[in-house]
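>>> Just to be clear, the model below is a prediction. Sequence and coordinates:
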There are 4 protein chains.
Amino acid sequence: MPRIVKSTIINAPTDRVWSVLRDFNGHDRWHPAVATSAIERGYSSDKIGCVRRFRLADGGELREQLLALSDLEQTFSYCLLDTPIPLFNYVAHVRLLPVTDGDRTFWHWESLFTTKPEDRDRITHMVAEDIYQAGFEAIRRHLKEAA
Amino acid sequence: MPRIVKSTIINAPTDRVWSVLRDFNGHDRWHPAVATSAIERGYSSDKIGCVRRFRLADGGELREQLLALSDLEQTFSYCLLDTPIPLFNYVAHVRLLPVTDGDRTFWHWESLFTTKPEDRDRITHMVAEDIYQAGFEAIRRHLKEAA
Amino acid sequence: MPRIVKSTIINAPTDRVWSVLRDFNGHDRWHPAVATSAIERGYSSDKIGCVRRFRLADGGELREQLLALSDLEQTFSYCLLDTPIPLFNYVAHVRLLPVTDGDRTFWHWESLFTTKPEDRDRITHMVAEDIYQAGFEAIRRHLKEAA
Amino acid sequence: MPRIVKSTIINAPTDRVWSVLRDFNGHDRWHPAVATSAIERGYSSDKIGCVRRFRLADGGELREQLLALSDLEQTFSYCLLDTPIPLFNYVAHVRLLPVTDGDRTFWHWESLFTTKPEDRDRITHMVAEDIYQAGFEAIRRHLKEAA
């Protein structure tokens, strides 16, 4: 079962990074892979169990469900329900921790999933680089623009 | 800073106990100390940040806010906003873990709070016994009646 | 990657169960599958990195290394170095939590490993039942005899 | 009960930082506050329960005990047994997490303790700055010299 762990340091306090990341319906405002985002059934985006529907920049669509959210710990978890690519049983966890030295943010993004052996390298690279690492860079730009 | 830790074993699978406990607006259906419960502003009871208002069996009122909820880990956290008793900075955590041997549930209920030195023993006893231990017994009865 | 999670309730305080379990060189005194146990190089059995060598009741031998031990959390972790059976990358975690209601112990035993597809069911059953569940029962007997 | 949390980023992989930090008897080689260090009874410095005796740069002496150590999680915990200053019930936790972006290290150092109200500000400042923050800077220099 592939496990992806990516982490970075963002040059902003955790409260500022969390205010962007905690919005389960806000990835279209900063992640380059996401064209539009909507929450099904009109639920609030911080209701546990709500489902977001992404249209991707490449035209694909996917649905993900919020499994956990903690303002106390600055963490959230979600899973993939439907996807156009061979990525199964995908559960991801995001957490922020303060770097007190410099008032910065440690951002940890981790997932477990299954896929077919022949797709493993391609899918792992795509999630690690096009989703996670590209997301890190996008948040850096987003916070700079918002500043 | 007093810390209360209480735990018990419930003779039912975690999914069954979790289906009762995860409802942040459902304590009036099983906890003897709670007469009525309502969520403010019409929010869903699994929206992070929602506030519940309890009228207690003794006539008092209190407000508590949902800080975290995880269907994945079967945990939730909440804090006290307003209360008629000298109990401050109260943050509580509930988590369930499966006891595979017998398909039972380990239920852990923990909190940290501050109070005045002269109230410490009385408040600690009240939370540990009248809220937590009484809650354990009440869930046991509730699940038996529902069965 | 198979994951095994087994847990039980022991009718004794955590300190009493921990005093038996924390001895990485003591399984031959209570686990029916273990005939003899020795720590290599004369190291103490609570030195992180120490290696124990088991001769099993069936005549096989295996070596396991202590990776973590916490008297504070009542947890330890270990991995398998050499084994006569097709069980690879095996890392296991043991932790105790108090059940305050009755002064009992919640004991959680978990592992991740890899094996060959054709051995998966057999190995999973063996670890779950012959090692973990049999270990639970053995500790129950051991504590009763010692009492 | 004062709680101190300090964290920093070290520009080196976690394995390199851990190889220095995991030695419970090695602080005299890098921390400016520590003049000499010795483990009592000739125990190994990674035996859980071992006690280190520091002579401080200011001439004071203290004894600390190893409570937990995990090479798997790159964490350790320790408590203070004897100290010349009014710092009681001190338990500290160190953990490292990888920052994959740049192959760096997130280092978290946390403690809980009690003290007399009149000493609280002074002791808190001393631990946070003279022990933790000074320790961060010292490891940076130590790794640079060793490179």
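All right, it came through fine. Residues are numbered from 1 along each chain as shown, chains lettered A, B, ... in the order given.
>>> hey, where'd the strands end up in chain A?
A:3-10, A:34-39, A:51-56, A:61-70, A:75-82, A:88-99, A:104-114 (DSSP state E).
>>> Not counting sequence-adjacent ones, nearest residue to the most far-flung residue of chain A relative to its centre?
Distance from the centre of chain A peaks at A:D101, with 25.5 Å (CA atoms, centre = their mean). Once flanking residues are discounted, A:D101 sits nearest to D:T8: 3.7 Å by CB to CB, 6 or more residues apart in numbering or on different chains. Where you see a C-beta, it was placed from the backbone N, CA and C, and this is true even at glycine.
>>> for chain C, what are the nearby residues on chain A?
A:M1 (CB under 8 Å from any CB of the partner chain).
>>> A:R16 against A:H142, yeah?
No: using CB atoms under 8 Å, A:R16 makes no contact with A:H142, being 10.6 Å away.
>>> Can I get the strands of chain A in CSV including distance to B:W109?
Below are the strands of chain A laid out as CSV (distance: least, CB to CB, whole Å):
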stretch, distance to B:W109
strand A:3-10, 32
strand A:34-39, 32
strand A:51-56, 30
strand A:61-70, 17
strand A:75-82, 20
strand A:88-99, 23
strand A:104-114, 28
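>>> export the lowest-mean-pLDDT helix or strand in chain A as PDB, just CAs?
When the helices and strands of chain A are compared on mean pLDDT, DSSP states H and E, helix A:134-146 comes out lowest with a mean of 94. What follows is helix A:134-146, C-alpha atoms only, in PDB (Å, rounded to 0.1, in the frame of the first residue of the first chain):
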ATOM      1  CA  ALA A 134       2.500  21.900  -6.200                       C
ATOM      2  CA  GLY A 135       0.000  22.700  -3.400                       C
ATOM      3  CA  PHE A 136       2.800  23.800  -1.100                       C
ATOM      4  CA  GLU A 137       4.100  26.200  -3.800                       C
ATOM      5  CA  ALA A 138       0.600  27.500  -4.500                       C
ATOM      6  CA  ILE A 139      -0.100  28.300  -0.900                       C
ATOM      7  CA  ARG A 140       3.200  30.200  -0.800                       C
ATOM      8  CA  ARG A 141       2.100  32.300  -3.700                       C
ATOM      9  CA  HIS A 142      -1.500  32.700  -2.400                       C
ATOM     10  CA  LEU A 143      -0.400  34.000   1.000                       C
ATOM     11  CA  LYS A 144       2.100  36.400  -0.700                       C
ATOM     12  CA  GLU A 145      -0.700  37.800  -2.900                       C
ATOM     13  CA  ALA A 146      -3.100  38.100   0.000                       C
END
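>>> Does A:V34 touch A:R53 like I think?
No: assessed by CB under 8 Å, A:V34 is found out of contact with A:R53, at 10.6 Å.
>>> more neighbours, those two?
Using other CB atoms under 10 Å in any protein chain shown, the more surrounded residue of A:V34 and A:R53 is A:V34, with 20 against 16.
>>> quick one, what contacts the more buried one?
Contact analysis of A:V34 by CB atoms under 8 Å, 6 or more residues apart in numbering or on different chains lists A:H27, A:D28, A:F54, A:R55, A:L56, A:A57.
>>> what separates the first one from A:Y78, distance-wise?
Here A:H27 is placed at a distance of 11 Å from A:Y78 (CB to CB, to the nearest Å).
>>> can you check the third one too?
Counting by CB to CB, the gap between A:F54 and A:Y78 amounts to 11 Å.
>>> How many residues are close by A:D119?
What A:D119 shows, counting by other CB under 10 Å, is a neighbour count of 13.
>>> sorry, that was for A:F88
Neighbour tally, A:F88, other CB under 10 Å: 12.
>>> ok, it - contacts?
Per CB under 8 Å, 6+ apart, neighbours of A:F88: A:F113, A:T114, A:T115.
>>> Let's see that with 10 Å instead.
Contact analysis of A:F88 by CB atoms under 10 Å, 6 or more residues apart in numbering or on different chains lists A:L80, A:F113, A:T114, A:T115, A:K116, A:I123.
>>> on that earlier part again, from the contacts of A:V34, which would you call buried?
Buried subset of the contacts of A:V34 (neighbour count, 16 or more other CB atoms under 10 Å in any protein chain shown): A:H27, A:D28, A:F54, A:L56.
>>> I'd assumed A:A33 was in contact with the first one.
If I follow you right, that is A:H27. Yes: assessed by CB atoms under 10 Å, A:H27 is found in contact with A:A33 at 8.4 Å.
>>> what do those two both touch?
With CB under 10 Å, 6+ apart as the test, A:H27 and A:A33 both reach A:F54, A:G135, A:A138.
>>> and the first one, what are its bridge partners?
Pointing back at A:F54 there. Beta bridges link A:F54 to A:S37, A:L62, judged by DSSP bridges.
>>> ok, now how distant is it from chain D?
Distance, A:F54 to chain D, by CB to the nearest CB, to the nearest Å: 24 Å.
>>> ok, that residue to C:E40 distance?
54 Å.
>>> got it, and the second one?
According to CB to CB, A:G135 and C:E40 sit 46 Å apart.
>>> neighbour-wise, which of the two wins?
A:G135 (22 against 11).
>>> Report the buried residues of stretch A:136-147.
Going by 16+ other CB under 10 Å, stretch A:136-147 has these buried residues: A:F136, A:A138, A:I139, A:R140, A:H142, A:L143.
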